[in-house]
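Enquirer: Predicted model and sequence below, questions to follow.
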Protein chains: 4
Amino acid sequence: MVTEKPPVATVATNMIVVLDPDAPDEAASEVVDLLDAAGVDCHVVVDQGRQVVIAPGAPSDVVAAVAGLSAVERVVKTSGPAMLVSSAYSPKRTVIDVSGVPVGGETFVVIAGPCAVESRDQILEAAHAVKRHGARLLRGDAFKPRTSPYTFQGLGESALKLLADARDETGLPFVAEVLDTRDVELVAGYADMIRVGTRNMSNYALLRELGRQSKPVLLKRGRTATIDEWLSAAEHVYGAGNPNIVLVERGIRTFEPSTRNMLDITAVPLVRQRTHLPVLVDPSHAAGDSSLVPSLARAAMAAGADGLMVDVHPDPASALVDGDQALTPSEFGDMMNQLRAMAAALGLAI
Amino acid sequence: MVTEKPPVATVATNMIVVLDPDAPDEAASEVVDLLDAAGVDCHVVVDQGRQVVIAPGAPSDVVAAVAGLSAVERVVKTSGPAMLVSSAYSPKRTVIDVSGVPVGGETFVVIAGPCAVESRDQILEAAHAVKRHGARLLRGDAFKPRTSPYTFQGLGESALKLLADARDETGLPFVAEVLDTRDVELVAGYADMIRVGTRNMSNYALLRELGRQSKPVLLKRGRTATIDEWLSAAEHVYGAGNPNIVLVERGIRTFEPSTRNMLDITAVPLVRQRTHLPVLVDPSHAAGDSSLVPSLARAAMAAGADGLMVDVHPDPASALVDGDQALTPSEFGDMMNQLRAMAAALGLAI
Amino acid sequence: MVTEKPPVATVATNMIVVLDPDAPDEAASEVVDLLDAAGVDCHVVVDQGRQVVIAPGAPSDVVAAVAGLSAVERVVKTSGPAMLVSSAYSPKRTVIDVSGVPVGGETFVVIAGPCAVESRDQILEAAHAVKRHGARLLRGDAFKPRTSPYTFQGLGESALKLLADARDETGLPFVAEVLDTRDVELVAGYADMIRVGTRNMSNYALLRELGRQSKPVLLKRGRTATIDEWLSAAEHVYGAGNPNIVLVERGIRTFEPSTRNMLDITAVPLVRQRTHLPVLVDPSHAAGDSSLVPSLARAAMAAGADGLMVDVHPDPASALVDGDQALTPSEFGDMMNQLRAMAAALGLAI
Amino acid sequence: MVTEKPPVATVATNMIVVLDPDAPDEAASEVVDLLDAAGVDCHVVVDQGRQVVIAPGAPSDVVAAVAGLSAVERVVKTSGPAMLVSSAYSPKRTVIDVSGVPVGGETFVVIAGPCAVESRDQILEAAHAVKRHGARLLRGDAFKPRTSPYTFQGLGESALKLLADARDETGLPFVAEVLDTRDVELVAGYADMIRVGTRNMSNYALLRELGRQSKPVLLKRGRTATIDEWLSAAEHVYGAGNPNIVLVERGIRTFEPSTRNMLDITAVPLVRQRTHLPVLVDPSHAAGDSSLVPSLARAAMAAGADGLMVDVHPDPASALVDGDQALTPSEFGDMMNQLRAMAAALGLAI
C-alpha cells in the first residue's frame, strides 16, 4: 500500500519573441494570433523601434512554433520575472547616457551631493566640492518623502532651479527624485535623470509614467524588495517604453539594529548575472552612518558595482535630512583617493 | 584613570497643543510665536474644526509655557511618531462610519469579496454570497498593482461601475483601491471607502491626496513597515485633513517561506495601545493560502481586531488574481459561523 | 533560433517504509539491500517497537518495488523534511503523556510558572498560584542560557530539587530546560519533561541525547528557524528513539522593534497540517511584554494551539530574569477566565 | 492641563576595572566589597594573568570611587554588551597565533578546504591545492551539524586523523568544528583551532567549555544573531579564560530567497569599531553559490576583513556536503590572484 502525497514541481517558461527589425506591423499580430490560439497571454511592446512579443508561461511546443515564423528573428526563453531587462534578452551589458556621462561599462561612476537641497549656497558649495573630488553626477532632492508629515518635505520647484544653476556652474548633470505622477513632467523638465526612491519602488503608476518619457531613470531597490521584484519594477519602466534604467542597491530591512538598513552586497553580482542594466550602490542610505561609508564604497567597487551614489554635505551637522550619513567634502575626497587606488588594481577607470 | 565612552540617551518629547474650540484664529499664531521664539518647529492643523498645533521635540519648559496660554485647552505629550492618531491625543477609540456601516466599537465587521473585479456576473455573485453569510462591506478592485507589468492590471472605471451596481443590488457599501493621485477623484466618486494597498503605504503623495478628500481610507500596513511607520502613514492622511482612517494588518515579510507573508497578530493589541483608530486583519493576503484563513480569522477576533477583510471568490480556481487565497462562498459561510460562536463568548456583535 | 536558458524543476520524493509489526529483524535488511542496489541512501530506525526504513529522495520505480516486498506493511511518500514526525506518517494527532497530564487532543493544556527558579518561596508560591488558576504543568528553570556571561545563570541542581518539592506539594508535573549533553541525565532524573530552548534548537548533539532517553521533550522553535527546520529538529529527537515531543512556537526574529520576537501565529495551523505532534504557544517570550500576553494567548487558542506555556511570577518587578513579560498570579487568573469562556465556545476542555 | 505620557530613557554604564599587574589577590576583593556595598553585581575574571572586575550597570559615583582605589590601574566604561572583547578595553587590534600563523594585523589570511572530510585522498588533494594557491590554514570537518538526521554527519575521529596527516604533509595548521561539550578535548587534541558553527553560536555550555581550554576559537556568527549578540558569545569564551578568538561573518537570514544567507558586509567595519578581535568573512556559506564567491571575497577584503574562510573541494560536483558553494582548486587560484592584486593596492600582505 502506498500512501500518496505527491511532490509539486512548477515549470515556468517565459518567452520573448523578437521580430526582425524590418518586419511589417502585422507580423506581431501573426505571433499574437498563434499564441491566442494556444491560450497563451501575451503583450506586444516596442523596444527601441523593434516589435517584441512577451509571453510569460508558454509551453515548449508553442515556443517552437513561434520560433519557426518567418518574421521572428529570435525567441528568448527566460526563467524568473525579468524579461526585457534580463541578461538573456540582452547579453551585452548596457551603458546609459546621462547628458553625456556614461553609466555602466568600464568606468566607475560616482554620483554625489546632499540628500536634500536646502539653499542656494548649500547646493552650489556641495556641487563644486563633489566635482573637485571626482564625482561625475550631482544628486540633490526637491521633494523628500519623509516618514513624518511634520518634518521638512523639500523646497519643491525652487530646488530644481537651484540644481539647474549648480549644473550650469559645474557642468555636472543632476539626478532628482519624483514622488507623484503629476510631477514627472516638472522634474523631467529640469533634471538629467529621475530617481525613484525606495518607498516608491512598487508604485507602478509612477513607474509607468516614467516609462512614457525619455529621461534616464535611477531605480532604487525597495527596502523590502527581493531582487526579482526589483527587476520586475525595472520591467514596468522598460515595458512602458523607456529602456534607460540604472539600478541602485541601497540596503534592505533586517533584524540587525546597528545600521539603518543592511547593504546587500551580494545583490551586485546577482544583478549582473540576471540583468544587462548597470547597478550602483548607495552606501549612505544603507548604513545611515558616515563612518561606515568608505568601507562599504570600497566593497561595492570590489564586488563589481558600476558606481556609487553618496551623500555629501558641506556641513553634515546642520543638514535638514540624514546628516548622520553624509560625508564632509574632505572625507569624500579621502574616499575617492582610496577608490582610485583600488580602481587601478581592478582595471577600472574612475 | 577613567577611559570614557559615554552611553547615549535620547529623549524625544512630542507635544500636541489643542486650542479651545472657540479660540480665535490668531490664537494659534500666539502658540506658534512662542514655539518659534524657543526654536521649536511646529505645524498648525485643523482637526474636525478645532485648531491644533503639533510640535515634535519640544523641551519641557516650553511645554509648560504653552500649557499656560489662555486659549490652550490641553497639551498632550506623546512618545513615538503618532500624534493625531495616537491614543494619547484621543483616548476614546474611534468608530468610522462607512456609508452607514460602523467600523470599530463593539461590532466585529467583515469586509469580503473578490480580490479583483473580473466580470459583472462574478462581482454580483460574490456580493450576494458574502452578504448572505454576514459581510457588511464589499471589497473588489478596479486597479490592481501587479509585480509583473504583463499580467492582469484590473478593469479600471468599468469595474467601479460594476461595484456600484453590486452595491445597488445588495446594499453593501464597497471599498476599492487607488494607485495614482490622479485617480483619487475618480475612485472617490464611486467607492464608499478607498483603500491604500501595502505597496503604497509610503506613497506620501497619495496619502496626502486622500487626506484632502473626505471618503474613509482603509490603510493597509506595508509589508516591510514597522508599526510606528504605519501609524506615521496614517498621520499623513489625518494631518492633511481626513480623520476617517481604518488600519489593516496584512502580514509582513520575514524569512519563513511557508506563507506569502507572516501575519503579525501582535500588531493588533499593539495598535490598540498606540492609536484610537480601528484595526482590521486581512488573513487572506497574509497567508496566501485559503486553508489557513479560518484559523487566522479566529485568531484575529480573539486578539482584539475590530474586523476582517477576506478574499471570497465564487470560483477561486478561475480567479485572475490570488485565487489560492480566496475562500469559496461555502467556506466563507463556515468561517462566519465559527466567528459568530466565538463572538458570543467574547461579548461582541458580528 | 532559440536562446535556451532552461527552467529548473526539482522533485524530491521521500519514502518511509513501515515493516509489519511481526516482521523478522532481517526484513529491514532486505529493504536496505534493495535500496542500496538502487543507489538510494537509507536509515533503519525503530519506532515504538516496529522497524522503519527511511529513504529520502527515492525514485518512483524504487518506491513501487519496495512497496511490493512481503514484509512491508505500507510505504509513505512525503514531501518536505518531516518523516517520522509528519502527518503523512501518522495521520492521527498524537497525545503526549507527561506524568499523567495529556498534552494534545481535546484538552487545552496550560504550562505556567516563573522563567527561572530563584528561591524556595518563589517557586512554591508560583506553583500554588498557577495550580489554583488552572495550570496543569509547572515551568521553572535551573539552567538559564543568558546572552551575557555576567548575568544570573540559574541555581543549577538545587533548583531542580526545589521544583521537585513544588511538584510534591501541588501535584503539578514540571518541565525544565537542559543546556548541555552532560546534564541530560541530571535533568531527566528530576523533571517530568525536558525543554530545549530556542538557542539550542539546532544543537543536534543535545537533540540526539534527548532522543536516547524517554522523558517527553518540549522543543521550542529557534527564533530564526523555518517551520521545516523546526520539524527537522523534532525528527532528530524522534529518529534517535524518543517519539514523545511537544512543539512550542515562541516567536521569530523580524525587523519589527516593538516586541522582543514576533509570534508566528500562522505556525499553529501550518504545524497541525504538517505534523502529528502537539503544538503549544509561548506568548510571554514572543512578546516580552506582559500587557500583550492575554491577547496572544486567546489568539493561540483560537488558531488551534494545543495549549500555552506562560511566564507567571509572584512578583514580576523583582524577577531575576524576564520580569517584563511575566504575569502576576492575579493577571494569570483573569486570562484563564477569558480562555475558559472561549474554550466553551470552541468545544475544548481546559 | 498636561496629559502626561513620559518618554523613557535608559542609560546603562558598564564598567571594567583593571587591577595593577602586581596587585595582591585580595585587591579584587576590595573592589568587589565596594561594589557589593553599592548594590552592583560584579564578576572577577583573570585575563592573561591580571585580575579584572566586570560590573555591568554601575552608577557614575561608584565608577569614580572604584577608580580611586590604589590597586586599580584603570577603569574602562563601555556601552553595549562587549566587555573584555571590546575595543574600549583593548584599543589595539589583537593578532591571534594559530600554530605559527598570525590571524589579524597587516596580513590577509585565507583559510580554505572542503566543508567535510570525506576521504584520505579528498582531504590530501584539497590541502595541497589550497596551499599551492596561497591558503595559510586548512579547513575540513569531522562532525557536521545537518538539518536532517538522515544525511551524512561526518566521519568523526578518523577525519581528525586525516586532517592531522594533511597538516603533516603540507605544513598547514587546520581548523575543525566541535558540536558537543563532550568532544572538546578530542577535537582540541588534533586541531590547531576549534570552530563554533552558526547553529551553536548561542550554545553557551559549549562556549564556556572552549573558554576553559587554550586552543584558538573560530566563532561564526549565528545566522540570526545581531552583532552585539555575537560579541556577547565571544565574551562567554573570553570570560571563561580563553582570549584567543577569531570572528567569522557568514551571512544572516533575511527575506531574500536568491542566496542561502545574506552576507552582512557592514558587519566587518562595525566589528572593527566595537572589538579588538580579528574578523574574517566566509563567502561560501553566505552565498551558497560558488559563482558569487569571488565577488564577495573581494568585497570582504575591501571592507577591511582580516581574511577569509572559503570552501574548496577537488570535485565540487561529488561533494557530500555543500558542493554548490565550493570552488574548484583552479577557481580558487584565480580568486587568490585577484585578491593579491587588490592587496597590493590596499597595502596588505597576503
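Expert: Yes, it's here. Just so it is clear, the model here is predicted, and its values are computed rather than measured.
Enquirer: In contact with the nearest residue to A:E249 once chain neighbours are set aside, which residues?
Expert: Spatial nearest neighbour of A:E249, chain neighbours left out: A:A267 (4.6 Å); criterion: CB to CB, 6 or more residues apart in numbering or on different chains. Quick note: C-beta positions are derived from backbone N, CA and C, even for glycine. By CB atoms under 8 Å, 6 or more residues apart in numbering or on different chains, the residues touching A:A267 are A:221, A:227, A:249, A:279.
Enquirer: Next one: the residue found closest to the first one once you drop the neighbours it is linked to in the chain from chain D, what distance?
Expert: Think A:R221. The spatially closest residue to A:R221, leaving aside those adjacent along the chain, is A:W230, at 4.7 Å (CB to CB, 6+ apart). Distance, A:W230 to chain D, by CB to the nearest CB, to the nearest Å: 10 Å.
Enquirer: residues contacting A:W230?
Expert: A:201, A:219, A:221-222, A:247, A:271.
Enquirer: And for A:M262?
Expert: A:251-254, A:256, A:286, D:252, D:254, D:262, D:264, D:266.
Enquirer: For the nearest residue to it once chain neighbours are set aside, give me phi and psi.
Expert: Nearest residue to A:M262, sequence neighbours excluded (CB to CB, 6+ apart): A:T254, at 4.6 Å. Dihedral pair for A:T254: phi -140, psi -170, per degrees, to the nearest 10.
Enquirer: Would you mind giving the contacts of A:A267 as TSV with pLDDT added?
Expert: Listed next are the contacts of A:A267 as TSV, based on pLDDT from 0 to 100:
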residue	pLDDT
A:R221	97
A:I227	97
A:E249	98
A:V279	98
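Enquirer: If we only consider the residues you listed, which is nearest to chain D?
Expert: A:I227 (5.3 Å; CB to the nearest CB).
Enquirer: List the residues that contact that closest one.
Expert: A:221, A:267, A:270-271, A:274, D:256, D:258.
Enquirer: Relative to chain C, how far out is it?
Expert: Counting by CB to the nearest CB - A:I227 and chain C are separated by 17 Å.
Enquirer: How many residues are close by the residue in the stretch 201-350 of chain A that chain B sits nearest to?
Expert: In the stretch 201-350 of chain A, no residue comes nearer to chain B than A:T224, which is 2.9 Å away by CB to the nearest CB. Neighbourhood size, A:T224 [other CB atoms under 10 Å in any protein chain shown]: 23.
Enquirer: these two touch, right, it and B:R221?
Expert: No - contact criterion CB atoms under 8 Å: A:T224 and B:R221 do not qualify, at 11.6 Å.
Enquirer: can you give me the helices for the stretch 101-250 of chain A?
Expert: Per DSSP state H, counting those that start in this stretch, the stretch 101-250 of chain A carries helices over the ranges A:120-132, A:157-170, A:184-190, A:204-211, A:227-239.
Enquirer: how about a markdown table for the ones you listed, with distance to D:V18 added?
Expert: Converted to a markdown table, these look like this (distance: least, CB to CB, whole Å):
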| stretch | distance to D:V18 |
| --- | --- |
| helix A:120-132 | 44 |
| helix A:157-170 | 53 |
| helix A:184-190 | 59 |
| helix A:204-211 | 58 |
| helix A:227-239 | 48 |
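Enquirer: So for A:G39, which of those helices sits nearest?
Expert: Among those, helix A:227-239 comes nearest to A:G39, with 21.9 Å by CB to CB.
Enquirer: Can you list the buried residues in that closest one?
Expert: Under the neighbour-count criterion of 16 or more other CB atoms under 10 Å in any protein chain shown, helix A:227-239 has A:227-239 buried.
Enquirer: so who does the residue sitting nearest the centre point of chain A touch?
Expert: For chain A, A:L247 is the residue whose C-alpha lies nearest the centre (CA atoms, centre = their mean; 2.2 Å). A:L247 makes contacts with A:219, A:221, A:230, A:234, A:271, A:275, A:277-280, as judged by CB under 8 Å, 6+ apart.
Enquirer: do you know how far it is from B:V45?
Expert: Going from A:L247 to B:V45 by CB to CB, to the nearest Å gives 38 Å.
Enquirer: same thing with A:E125?
Expert: Taking CB to CB, one finds A:E125 at 35 Å from B:V45.
Enquirer: Could you list the buried residues of stretch A:165-184?
Expert: Across stretch A:165-184, burial judged by 16+ other CB under 10 Å covers A:166-167, A:170, A:172-181, A:183-184.
Enquirer: from the chain's centre, how far out does that stretch sit?
Expert: Centroid displacement of stretch A:165-184 relative to its chain, using CA atoms, centre = their mean, to the nearest Å, is 16 Å.
Enquirer: and what of stretch A:304-315?
Expert: That offset, for stretch A:304-315, works out to 15 Å (CA atoms, centre = their mean).
Enquirer: And it, end to end?
Expert: Terminal residues of stretch A:304-315 lie 31 Å apart, using CA to CA, to the nearest Å.
Enquirer: so who does A:A205 touch?
Expert: A:181, B:179-180, B:182-183.
Enquirer: quick one: which of the residues you listed is nearest chain D?
Expert: B:L179 (23.6 Å).
Enquirer: Please tell me the pLDDT value assigned to the closest one.
Expert: On pLDDT, B:L179 comes in at 96.
Enquirer: can you tell me which residues contact it?
Expert: Counted by CB under 8 Å, 6+ apart, B:L179 has contacts A:203-205, B:143, B:145, B:197, B:200, B:206.
Enquirer: try 6 Å this time
Expert: A:205, B:143, B:145 (CB atoms under 6 Å, 6 or more residues apart in numbering or on different chains).
Enquirer: These into a markdown table, with extra columns for pLDDT?
Expert: As requested, the contacts of B:L179 are arranged in a markdown table below (pLDDT from 0 to 100):
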| residue | pLDDT |
| --- | --- |
| A:A205 | 96 |
| B:F143 | 93 |
| B:P145 | 90 |
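Enquirer: any idea which of these is the one closest to chain D?
Expert: Here the nearest of those to chain D, counting by CB to the nearest CB, is B:P145; it sits at 18.9 Å.
Enquirer: Quick check: phi and psi at that closest one.
Expert: phi -80, psi 110.
Enquirer: Looking at the buried residues of stretch A:165-184, point me to the pair that's furthest apart.
Expert: Checking these with CB to CB, the most distant pair is A:T170 and A:T181, at 30.5 Å.
Enquirer: The stretch 251-350 of chain A: helices as residue ranges?
Expert: A:267-274, A:283-287, A:293-303, A:329-346.
Enquirer: Save those helices as a markdown table, and put in mean pLDDT too.
Expert: A markdown table is the format used below for the helices of the stretch 251-350 of chain A (pLDDT from 0 to 100):
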| stretch | mean pLDDT |
| --- | --- |
| helix A:267-274 | 97 |
| helix A:283-287 | 96 |
| helix A:293-303 | 98 |
| helix A:329-346 | 96 |
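Enquirer: Was I right to think A:I16 contacts A:V75?
Expert: No - with contact defined as CB atoms under 6 Å, A:I16 does not reach A:V75; the gap is 7.1 Å.
Enquirer: So for whichever helix or strand A:V52 is part of, what gets flagged as buried?
Expert: A:V52 belongs to strand A:50-55 when elements are defined using DSSP states H and E. If you call a residue buried by 16+ other CB under 10 Å, then strand A:50-55 has these buried ones: A:51-55.
Enquirer: If we only consider those, which is nearest to chain D?
Expert: Of all those, A:I54 has the smallest distance to chain D: 22.7 Å, by CB to the nearest CB.
Enquirer: List the contacts of that closest one.
Expert: When contacts are counted by CB under 6 Å, 6+ apart, A:I54 touches A:16, A:43, A:83, B:150.
Enquirer: And it, how close does it get to A:R253?
Expert: The value you get for A:I54 to A:R253, if CB to CB is used, is 31 Å.
Enquirer: same check, this time on A:D97
Expert: A:D97 is 33 Å from A:R253, by CB to CB.
Enquirer: how's chain A carved up into domains?
Expert: Domain ranges of chain A: A:14-78, A:96-346, per automatic domain parsing.
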